[in-house]
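Novice: I'll drop the sequence and a predicted model, then ask my questions.
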Amino acid sequence: MRFRHTNRKGFLLGFIDFFTAGLFFLITMPLGLQQEIDEILGERTQRYWVAYLIGVFTLFVYPIVWMGRIAEKLKAKAISLGIEGPYTSFWHMFGWNTLGLPLFGPMVATERFFKTLNRI
């Protein structure tokens, strides 16, 4: 791949994003992460800022579902490339972001997401 940020620390990014209420990814997604995800998946995904705006009206459930759908596509891509797990998945993202909230859940979900993304 042609992207230089392939060793992202997901736990730290999830920590920063959680305490900025999603504004951190709202700023960093257009700076290359969104294009990297699009290129890896081979399709143009919905822009994060659109998911964030919809999330304002859905109590920020929609961005979790949006990220979960991308996580599921990343999992399928990793499996098709023969990359060994553990992988991220929809239920991993959704579960940790909702049920694991008091236990650093969003950070754990983001860590697994970026581990899968970094390996692809």
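Specialist: Yep, that arrived.
Novice: Only C-alpha atoms from now on, for both contacts and neighbour counts.
Specialist: Noted.
Novice: any idea which helix or strand comes after the least confident helix or strand in the chain by mean pLDDT?
Specialist: Lowest by mean pLDDT, DSSP states H and E among the helices and strands of the chain is helix 10-19, with a mean of 86. Following helix 10-19 in sequence order, the next helix or strand is helix 23-28 (DSSP states H and E).
Novice: quick one: buried residues of that following helix?
Specialist: Using 16 or more other C-alpha atoms under 10 Å as the test for burial, helix 23-28 gives 24-26.
Novice: so what pLDDT did S80 get?
Specialist: Listed pLDDT for S80 reads 92.
Novice: before we move on, what about R2?
Specialist: 58.
Novice: Excluding chain neighbours, what is closest to T98?
Specialist: Leaving aside its chain neighbours, T98 sits nearest to G105 (7.5 Å; criterion: C-alpha to C-alpha, 6 or more residues apart in numbering).
Novice: related to what we said a few turns ago, of the buried residues of helix 23-28, closest to L81?
Specialist: Nearest to L81, judged by C-alpha to C-alpha, of the buried residues of helix 23-28 is F25 at 27.0 Å.
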